[in-house]
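# Sequence and predicted model, in that order:
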Amino acid sequence: MQFGLGDRQIDYLTAKDSYCVSWDSMDSETDELNSEVSVCSELDTHECVLYNLDVGNQTFICLADLDFKEGLKYVTKIRVKNNVDLFAELYSDGFVLDSTPPFVGEINYLGSSNPIVKEAAEHFTHSQIAVQWNGFWDKESGVRTTYVCVGTLPGDCNIKNFTDMRNSSTITFQDLLLIQGQTYFVSVKAENEAGLTSEVQTSDGIVVDKTGTYRNQ
């Protein structure tokens, strides 16, 4: 007897309402095969949210409202039996439930001498905008990347569209077409390993004054 799980195996499940699994099975002696499906904790295969569900000769099933726990890794076990009670078992690679987006952190402007500028709206820039962000995190799957942009309104990206920052947490925007007296905002969002994106966090505004220099107080 031979069988295998479907080609598209997932690492993260982002919703409890539906979990689908498919497999292929073959027996050279008989076409009468019966399958059972279990979904259990990888750490303890006796701790199952589904145990030995008899699905007959089906090789695809979608399950709803299983009692998955956030952050816990589960494996799917398929047990296939023929008409003379010989059976084979196969486990999936496993997946983690992460149905929540990352938490947002804070954004600070970077000055030339004082590393972090706290009162951004009271400071000015004539050439570039430099920022640092921290505190963006995800408990279940971790933060895969962050995106950062610049706009003239909170959450807007009309000056510089979202840029994928990967593992970086600082950026200096240079050569922007900054307008005298205009207030600019930097926005950051995070994406976790499950592909879920956080809310957009926006900095305080920073004002352009081309008559002076960047000031720290």
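Great, that's in hand.
# Surely I179 and V208 touch.
Yes. If you go by Cβ atoms under 8 Å, I179 and V208 touch, sitting 6.2 Å apart. To be clear about C-beta, it is placed using only N, CA and C from the backbone, and glycine gets the same treatment.
# neighbour count winner among those two?
When I179 and V208 are compared for neighbours, V208 comes out ahead with 18 against 12, by other Cβ atoms under 10 Å.
# Excluding chain neighbours, what is closest to the more buried one?
L178 (4.5 Å; Cβ to Cβ, 6 or more residues apart in numbering).
# that's a strand at that neighbour, yeah?
No. Counting by DSSP: H, G, I helix; E, B strand; the rest coil, L178 is not found in a strand; it is coil.
# What ranges does this protein have for its helices?
Counting by DSSP state H, the chain has no helices to list.
# In it, where is pLDDT below threshold?
1-9, 27-32, 112-126, 212-217 (pLDDT under 70).
# Spatially central, which residue of it would that be?
Centroid-nearest residue in the chain: N192, 2.2 Å away (criterion: Cα atoms, centre = their mean).
# K139 is in contact with that one, correct?
No. If you go by Cβ under 8 Å, N192 and K139 don't touch, sitting 9.3 Å apart.
# Identify the bridge partners of S35.
G56, V80 (DSSP bridges).
# do the same with N134
Here N134, judged by DSSP bridges, has bridge partners E106.
# what's the neighbour count on it?
Considering only other Cβ under 10 Å, N134 is surrounded by 12 other residues.
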